[in-house]
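Enquirer: Coordinates only, no sequence provided:
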């Protein structure tokens with residue numbers, strides 16, 4: 001019915017993100033909801049051996065437009081709540097709708 005991927009797909013390399021979201025979409029029931037979040041931006045980087053892939057409105061629209069059945073319901077930006085962090089987070093709510101023929 002739902003998938004909560006809060007700050008987890010951020011560690012998927014950009015060239016594997018499409019396939020990862022397809023797998024998640026396939027796990028959803030019809031009309032299921034998926035929440036995903038990324039740091040806001042356009043970078044792909046590695047810090048202390050950890051990979052980070054940022055997203056923004058343009059990136060997510062381009063990515064989701066290639067995935068049948070998946071539609072963006074809402075996107076929004078929130079500040080990082082961790083003390084001393086100034087990152088912005090990009091939140092995305094998606095819906096798996098049935099294929100239209």
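Expert: Structure received. Since the model is a prediction, treat every value here as computed from it, not as a measurement. Residues are numbered from 1 along each chain as shown.
Enquirer: which residue is nearest the centroid of this structure?
Expert: For the chain, the residue nearest the mean C-alpha position is residue 36 (4.0 Å; C-alpha atoms, centre = their mean).
Enquirer: Enumerate the positions of the host helix or strand of residue 93 that are buried.
Expert: Here residue 93, judged by DSSP states H and E, is contained in strand 88-96. If you call a residue buried by 16 or more other C-beta atoms under 10 Å, then strand 88-96 has these buried ones: 89-90, 92, 94-96. Every residue, glycine included, has its C-beta placed from N, CA and C.
Enquirer: Between those, which sits nearest residue 56?
Expert: residue 90 (6.1 Å; C-beta to C-beta).
Enquirer: Read off the pLDDT value for that closest one.
Expert: For residue 90, the pLDDT comes out at 98.
Enquirer: Mind checking what secondary structure the residue nearest to the centre of the chain has?
Expert: With DSSP: H, G, I helix; E, B strand; the rest coil as the basis, residue 36 sits in strand.
Enquirer: now it: how far from residue 56?
Expert: According to C-beta to C-beta, to the nearest Å, residue 36 stands 13 Å off from residue 56.
Enquirer: ok, now residue 98?
Expert: Taking C-beta to C-beta, one finds residue 98 at 29 Å from residue 56.
Enquirer: Residue 46 now?
Expert: When residue 46 is compared with residue 56 (using C-beta to C-beta), they lie 20 Å apart.
Enquirer: ok so residue 18 is a strand residue?
Expert: No: using three-state DSSP, the assignment for residue 18 is helix, not a strand.
Enquirer: Quick check: closest non-adjacent residue to it.
Expert: Distances taken as C-beta to C-beta, 6 or more residues apart in numbering place residue 63 nearest to residue 18, at 6.2 Å, with adjacent residues excluded.
Enquirer: ok, the residue nearest to the centre of the chain - contacts?
Expert: 5-6, 9, 21, 91-92, 94 (C-beta atoms under 8 Å, 6 or more residues apart in numbering).
Enquirer: so can I have TSV of those showing distance to residue 51?
Expert: Supplementary listing: the contacts of residue 36 in TSV, determined by distance: C-beta to C-beta, whole Å:
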residue	distance to residue 51
5	16
6	17
9	11
21	16
91	20
92	19
94	22
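Enquirer: No more questions from me, cheers.
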